[in-house]
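With the sequence up front, the predicted model follows.
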Amino acid sequence: MENNRRPESMARITTKELADAFIAEQVAEVRAQVGDKKVLLALSGGVDSSVVAALLVKAIGKQLICVHVNHGLMRKNESENVIEVFKNGLDANLIYIDATDRFLNLLAGVADPEKKRKIIGKEFIEVFADEARKLEGVSFLAQGTIYPDILESFKQAEGKQAVKSHHNVGGLPEDLAEKFELVEPLKLLYKDEVRVVGRALGLPAEMVDRQPFPGPGLGVRCTGAITRDRLHALREADAILREEFDKCGLAKKVWQFFVVVPDLKSVGVKDEGRYEGWPAIIRAVNTKDAMTATIEEIPYYVLHTITNRILTEVEGINRVLYDITPKPTGTIEWE
Ligand code: XMP
């Protein structure tokens with residue numbers, strides 16, 4: 001565990017030059033560690049796994065096998081972007097698994113948020129493990145562990161209460177956990193350093209500067225029992241919010257922003273007829289550590305544009321609401 005401690009002498013990676021030096025060092029280390037063996041990586045498209053993937057492609061090319069599992073709860077075009085950047089852009093070895101039906105069938109009728117989280121987490125590991133068992137000659141598992149994850153596990157080892165459990169091979173079924181040695185090239189870096197390294201590796205800004213996105217994805221924003229039609233409406237409304245935030249510059253300023261579509265219908269009117277629909281709820285929050293959060297004051301003209309677009313472009317939505325609840329008392333996510 002001690003080689004997981006960040007040395008006090010280690011300079012904070014803040015510039016391209018420092019990032020290039022770190023990359024060169026890690027490339028050499030990874031090559032020495034894995035030799036000519038194959039390495040497996042679950043590539044979600046989040047910042048950490050994307051930076052690990054780009055670093056390992058540079059170090060070992062096609063010896064890296066990336067597996068991208070689409071659980072059907074991704075934002076609009078998210079999986080397509082992962083394929084575009086890694087398969088088409090970096091020529092990475094990428095296996096794409098569309099597991100939408102597996103997840104949505106298991107989630108059908110499940111309204112309890114914690115049950116939903118457990119189903120999504122467990123199924124994710126199962127889909128990944130199924131794929132890992134099919135592959136031959138893989139000896140290593142790469143992970144996007146970063147220093148805050150390591151600090152969290154130190155705290156747990158000291159018996160302090162965990163805020164978040166460290167996602168490591170402990171989650172994998174025993175036959176696989178035993179089989180793999182870990183490759184964790186980012187384990188001594190803080191998040192801001194991971195972003196600097198990602199930029200130095202040439203990853204697109206949208207990927208490196210991404211806002212946090214929860215593991216259960218849109219599943220915790222499509223409250224109650226998920227249905228395909230409401231999930232579709234949520235995905236489309238969320239894409240409009242992101243597009244408009246990009247246009248007016250808020251995307252670069254706001255820590256996390258998204259749409260929630262709750263399992264609730266109200267009466268509305270459209271084309272002179274009764275139009276029952278769901279509300280699209282806009283959330284835009286700022287925070288340092290996600291423990292508390294304040295609300296971003298979205299200018300009225302931006303709210304107006306977003307509202308008009310959602311109401312005219314998204315089937316099934318008949319109202320747009322703006323959630324101005326800080327944390328506490330609201331959590332950032334609705335579930
Ligand atoms: P809350 O809703 O607790 O969210 O105020 C704090 C931060 O954590 C994210 N979040 C999650 N991330 N799995 C994750 O990986 C989860 O189940 C989960 N729930 C919340 C949330 O998006 C926010 O950034």
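Thanks, I have it.

The stretch 151-300 of the chain against the ligand: which residues are in contact?
Taking CB under 6 Å from any ligand atom as the criterion, the stretch 151-300 of the chain approaches the ligand at residues 212, 214-216, 220, 256, 290. (Each C-beta comes from the backbone N, C-alpha and C, glycine too.)

Next, the contact list for residue 331, please.
Shown in contact with residue 331 (CB atoms under 8 Å, 6 or more residues apart in numbering): no residues.

if we can go back for a sec, what about the residues of the stretch 151-300 of the chain next to the ligand, which are in helices?
When these are checked against helices (DSSP state H), there are no matches.

Any of these buried? List them.
With neighbours counted using 16 or more other CB atoms under 10 Å, these contain these buried positions: 214, 216, 220, 256.

Distance-wise, check the last one relative to residue 246.
Put plainly, it is residue 256. Distance check for residue 256 against residue 246: by CB to CB, to the nearest Å, it reads 15 Å.

ditto for the third one
Applying CB to CB, one obtains 23 Å for the distance of residue 220 from residue 246.

repeat for the first one
Going from residue 214 to residue 246 by CB to CB gives 21 Å.

Kindly report the same for the second one.
Using CB to CB, one obtains 24 Å as the distance from residue 216 to residue 246.

can you pull out the helices in this structure?
Taking DSSP H as the criterion, the chain contains helices spanning 16-34, 47-60, 78-82, 100-107, 113-134, 147-157, 174-179, 191-200, 205-208, 228-248, 250-253, 300-313.

Rebuild these as CSV, extending it with mean pLDDT.
Formatted as CSV, the entries for the helices of the chain read as follows, by pLDDT from 0 to 100:
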stretch, mean pLDDT
helix 16-34, 98
helix 47-60, 98
helix 78-82, 98
helix 100-107, 98
helix 113-134, 96
helix 147-157, 87
helix 174-179, 90
helix 191-200, 98
helix 205-208, 94
helix 228-248, 98
helix 250-253, 97
helix 300-313, 98
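
Can you tell me which of those helices is packed in deepest?
With neighbours taken as mean count of other CB atoms under 10 Å, the helices of the chain reach their highest mean count in helix 47-60, at a mean of 24.

how far is it from where the chain is centred?
Helix 47-60 sits 15 Å away from the centroid of its parent chain (CA atoms, centre = their mean, to the nearest Å).

wait, residue 198 sits on residue 52?
No - using CB atoms under 8 Å, residue 198 is not in contact with residue 52, being 9.7 Å away.
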